[in-house]
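>>> Give me coordinates for this.
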Amino acid sequence: MVSSLPNSTAERAVSPVVGVVLLVGLTLLLAATVSATALGFTDQLTGSSPTVVASGGSYERYADGGGRYTGQVIRITHEGGDTLTVADLELAVDASDACGKTGRLVNLPVDGDDPRPTSRYVRGDDVFDNSANSVEGPIGTGDVDDDGEWSAGETAQFRLATGDCRLDAGDTVVVRLVHVPTGTTIIDQPIRA
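Numbers count the residues shown, from 1 in each chain. Here you go, the predicted model:
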């Protein structure tokens, strides 16, 4: 049987069907790709990132006991949640409100409790006090609790350099603890001087 329709009409009737099939196929391919990618990243990020359910922070202009190197002490307490592996952490300090600077302590724990601006421990602005015992607790070595972990109830402390970043009453410093393998901020603690 021969079709009574001219060729151009028969070809036009097939074109929309082919177009719809191609669009449906592309849509399914795109949806599969996006969902596989999103689910893969979600599993990777949420599966390995520790959780800190509570943290506290404090500032002391001068620590107890006096002495030459006791000014501008900042303490961060891990009050509840997962035990943190210190080697997986970076501590970021945003002191832009006080002195316009931001700095990070990296490659934790700091060996000898003494970060140096030219060492492997400081990135960004060196707002940290570089004197002896300037980093203590789980983020520094040489302490009683130097086990490479930061558990609930433990407090880490560091000092800001008064010459490089003086804090005045009312200034705010934001301390963030970042889980490096996932890029997740697990503590975001504003501290008021």
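>>> Show the average pLDDT along stretch 27-46.
In this model, stretch 27-46 has an average pLDDT of 63.
>>> so who does the spatially most central residue of the chain touch?
Taking C-alpha atoms, centre = their mean, the centroid of the chain lies closest to residue 178, which sits 2.6 Å from it. By C-beta atoms under 8 Å, 6 or more residues apart in numbering, the contact set of residue 178 is 89, 90, 91, 92, 184, 185, 186. No exception for glycine: its C-beta is placed from N, CA and C like everyone else's.
>>> For it, give the beta-bridge partners.
Counting by DSSP bridges, residue 178 is bridged to residue 90, residue 185.
>>> Ok, residue 60 next?
Residue 60 forms beta bridges with residue 73, as assigned by DSSP bridges.
>>> try residue 159
Residues in beta-bridge contact with residue 159 (DSSP bridges): residue 73.
>>> Surely it and residue 127 touch.
No. In this structure, residue 159 is not within contact of residue 127 by C-beta atoms under 8 Å, at 9.8 Å.
>>> just the contacts of residue 178 now: which is nearest residue 152?
Sorting these by how near they are to residue 152, with C-beta to C-beta, puts residue 186 at the top with 12.6 Å.
>>> so how far is residue 90 from that closest one?
Applying C-beta to C-beta, to the nearest Å, the value for residue 186 to residue 90 is 11 Å.
>>> again with residue 84
From residue 84 over to residue 90 the distance is 12 Å, taken as C-beta to C-beta.
>>> where do the contact lists of the two overlap?
Common contacts of residue 84 and residue 90 (C-beta under 8 Å, 6+ apart): residue 177.
>>> If you count surrounding residues, which of these two has more?
Neighbour totals were compared for residue 84 and residue 90, and residue 84 leads with 25 against 17 (other C-beta atoms under 10 Å).
>>> didn't residue 170 look like it was pressed against residue 98?
No. Counting by C-beta under 8 Å, residue 170 does not reach residue 98; the two are 9.4 Å apart.
>>> What's the PyMOL syntax to select whichever of the contacts of residue 178 are buried?
In PyMOL syntax, the buried subset of the contacts of residue 178 is picked out as below (16 or more other C-beta atoms under 10 Å):
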select buried, resi 89+90+91+92+186
